Each structure stands twice: as C-alpha cells, then as structure tokens.
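# Could you look at this predicted model? Sequence included:
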Amino acid sequence: MRLKRFLLRYYPPGIILEYEQSNVLKTKSIDLLDLKPDTDVNSVVEEIVRKEPLITATKIDKVKELIERLQEKISQQDDKRFYLFKVLRAHILPSTYVAFNKSGSMFITASYDRTCKVWDTASGEELHTLEGHKNVVYAIAFNNPYGHYSYSSDKIATGSFDKTACIWSTERGTCYHTLRGHNGEVVCLAFNPQSTVLVTGSMDHTAKLWDIVSGAEIASLHGHTGEIISVSFNTRGDQVITASFDRTVAIWDVRTGDKIHTMIGHTAEVSSAQFNWDCSRIVTGSMDKTCKLWDTLSGECVATLRGHDDEVLDVVFDSTGQYIATASADKTGRVYDALSNMCIATLVGHQAEISKISFNPQGNRLITASADKTARIWDPLTGECKQILEGHTDEIFSCAFNYEGNTIITGSKDNTCRIWR
C-alpha cells in the first residue's frame, strides 16, 4: 500500500486517505468524531499512528497540521443571520421536495407538475428541467460521492408516482436510465455514499437496489406488509434500512439483498429512519409519538425517546451521531443526547406542525420547516430560536443547509422556493 494524498473532511471531522494497492486507487477514512477545539493534538496523532499503517513517521507533521485545521474549523462561532436572497417561482404546481448537492453549488426541486428543476445556488438561475415522468415527482437526491466534499455530484435520482425512478446527468440534464419494476408509487430513494447503488422505496411494500452505471436491478427487498416511506444507507454503503407503515424497520445486506434484522417495537407507522455516522446505531421516528434508538449489530431497541404529544414526523442525527433531533405534529422539536438518551432541549415557537428538521453540517444550528408558513433556526444545545425565516404564504415542507452552512433553501406549497444567505 502506498499513500497518495490526504483529503480533509470537515463535517463530520475526519481525514480521508487516498492510497494505491495493487495498482488500484482506494480510500479510507480516519474519523475524528470526538475532536474538540481543546483536544490534545499529539495524543490524537499517537492514536492514529498506532492504528493506521499508512501513517509513517514522515507523515506525522502533515497529520498534525490537518487536525489543527479541523480544530480551527470546529471552533468557528456561528452567529450568522440569514437574509432572503431570491424567490424562485419554481413550478406551476406545488413542489414536493428540495435538496442540495454535496458542495451546495446546486440544488434540485421536485413538483406535482411531473418535473424536476436544477438550480445554480449562487445566481438562482435555472440550469435544467428534468422532464419525462408521467406523474408527480415525489423523491429526489443528488449522488454525493464518498470522500472530499468537492467531489462532484454528477448524478440525480428522481422517484415518481408513475412507479418509476430515473437517473439523470447533473451536467447535461439528460436521462441515463429509467428504472422500471415497482408496482406502486416510488416515494423515497437514496444513493449509497460510494455512488454505485441506488435504493428506491415504494407504496408496493418493496424496496429495490439498482446499479447506477447500468441501470440494472440488483435486488428486490421483500418482507414489509405496508408502504415503504423512508430508505437510508449506512456510511460504508454495505447496509440499507427501510422504514414502513407496517410499523417496522428492516436492515438489509446490500451485497446479497438478504434481510439482517426486522426491528419491531413501534405501535404505529414509522415516519423516518437514519443510521448514525459510525453505523452503530439507527434512530426511528413514529406516528406513535416516540423515537427509538436501535443497536445495528443486534437489531435490538436500546432506548425509547419520549416527550412529544403527537406524531413524530422527522428524526435526524447530527453529522457526528452524537445528537438526535426530532420534529413533531405537536408543533415542537426536541434534541436528545445520543449517548445518554436525555432530552437536552425543546424547540418551542412554531404555531403548527413541524414536518422537517435538519442540522447544519457543523452541528451548531438546526432548521425546522412548519405548516405555520415559517422556518426557524435554533441553537440545538439551548433550544433558543435564533431566527425566524418569514415570507412564504403557505406551508413549508422542506428545508436544507448547504455544506458550508451559510445558505438555506426552503420549499413551500405556495409554489416557491426561497434561497436564504
């Protein structure tokens, strides 16, 4: 093995090693999820050298420098206020979802008008219209290749009520593949971090794995008895989870298509599910007003997070997997410590249900989207509302930070998308 170069990953903190083995270029990551501004750099380096044979004596100074750069980034204070940059009258019918690419240079909007649009974030100009679906486009995603954040998001996936998914060229806006095989609406999808496999979830109770290059179906994941409404890969890309209205979540082996575990415990439909960064835990949110934390290896429930008075509509980990945030129909959000499972903050202020919640990549801000026509920015540790984003004239259903955390997009049923900076 020969080390070629280092790549820095700011969120979550880590160093990517690009190396050559048997004339094949590979990558591996050194995760520094517990790195803090005051962490002793020398002890971190000693631990890395002990565990990682690619880091030889001649590379120690470079590793120190990279860790210090990560600490500098982590220690930056974030008191930014956001201002409306542009209102995009994106579609002739309401939008269904918005999403950034990995660098945040572009974003996509999907709509009931059967199209998707690709936008340039800096200018707010439309780059492409993705046309071809015969019904509502409900699910969208950029591929975000593993490694350095500047690696290009060169493909887009769309899922539609016409029972198909499509893979598109980000650069040209042309369709590479139309993925046929589902017998019901495609309502969720995700690329694996390695950008080789796409998973689609459908109202037909199945999920499917697809080869991104050929468009061929790799596996059909059968076992749920209700609609699949959330799918998510782990960081390694070797497992995928499916969350269903049958009140269960399943873990699947991507290589074989075999089911590893069925996680049973919720007493109502599961609304969302996600792996943490190190793949050791899964969090699920449910219409039963709770979230549950599961051990990935055993499939056992290790904690039930209570406190909401109505359905939990969204749940997410922060980028390091140390905190969990929830959004509920009870008009509040909550933040939990993922280690102690204690609620550390309650987000109070919205006047209607919160359908979406998201951490910024740095983990020091949260954004919520609500039916009260506003989005709010919060401090996740104190629960303080830092800013209210007003202007939409109907329910906001989607919101997202870009990679740097300095731009926000919000999507609303008022047929507009807003860029905030």
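Looks like it came in fine.
# just the helices in the protein please.
Residue ranges of the helices in the chain, as given by DSSP state H, are 41-51, 60-74.
# So which of these is the most surrounded?
Ranked by mean neighbour count under mean count of other C-beta atoms under 10 Å, the helices of the chain are led by helix 60-74, which reaches a mean of 16. Where C-beta positions appear, they are placed from N, C-alpha and C, glycine not excepted.
# CA-only coordinates of that helix, as CSV, when you get a sec.
Only the C-alpha atoms of helix 60-74 are listed here, as CSV (Å, rounded to 0.1, in the frame of the first residue of the first chain):
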residue,chain,number,x,y,z
ILE,A,60,3.2,12.8,11.2
ASP,A,61,3.7,16.6,10.8
LYS,A,62,1.2,16.7,8.0
VAL,A,63,-1.4,14.8,10.0
LYS,A,64,-0.9,17.3,12.9
GLU,A,65,-1.4,20.2,10.5
LEU,A,66,-4.6,18.7,9.2
ILE,A,67,-6.0,18.1,12.7
GLU,A,68,-5.2,21.7,13.7
ARG,A,69,-7.1,22.9,10.6
LEU,A,70,-10.1,20.8,11.7
GLN,A,71,-9.9,22.2,15.2
GLU,A,72,-9.8,25.7,13.7
LYS,A,73,-12.9,25.0,11.7
ILE,A,74,-14.8,23.5,14.6
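# tell me what it is packed against?
Helices and strands touching helix 60-74, by 3 or more C-beta pairs under 8 Å, 6 or more residues apart in numbering; DSSP states H and E, are strand 2-9, strand 14-21, helix 41-51.
# Could you list every helix and strand in contact with the longest one?
Using 3+ C-beta pairs under 8 Å, 6+ apart, the elements in contact with helix 41-51 are helix 60-74.
# any residues touching the helix it packs on, and which ones?
When contacts are defined by C-beta atoms under 8 Å, 6 or more residues apart in numbering, helix 60-74 is touched by residues 6, 8, 10, 13-15, 32, 35-37, 39, 41-42, 44-45, 48-49, 55, 362.
# just the angle between that helix and strand 14-21, please?
140 degrees (axes from the mean of the first three to the mean of the last three C-alpha atoms, to 10 degrees).
# For the helices and strands packed on helix 60-74, give me TSV that also has distance to A268 and mean pLDDT.
Below are those laid out as TSV (distance: least, C-beta to C-beta, whole Å; pLDDT from 0 to 100):
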stretch	distance to A268	mean pLDDT
strand 2-9	37	93
strand 14-21	37	94
helix 41-51	43	96
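# could those go into TSV alongside distance to R255?
Below are the helices and strands packed on helix 60-74 laid out as TSV (distance: least, C-beta to C-beta, whole Å):
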stretch	distance to R255
strand 2-9	25
strand 14-21	20
helix 41-51	26
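# out of the ones you listed, nearest to Y97?
Of all the helices and strands packed on helix 60-74, strand 2-9 sits nearest to Y97, with 25.9 Å by C-beta to C-beta.
# quick one, the closest one and helix 60-74 angle?
Using the same axes, to 10 degrees: strand 2-9 against helix 60-74 is 10 degrees.
# which other helices and strands contact strand 2-9?
strand 14-21, strand 24-31, helix 60-74.
# Would you convert those into CSV that also reports distance to Y138?
Output for the helices and strands packed on strand 2-9, formatted as CSV (distance: least, C-beta to C-beta, whole Å):
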stretch, distance to Y138
strand 14-21, 33
strand 24-31, 32
helix 60-74, 36
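# Nearest approach to K208 belongs to which of the ones you listed?
Taking C-beta to C-beta, strand 24-31 is the member of those nearest to K208, at 27.3 Å.
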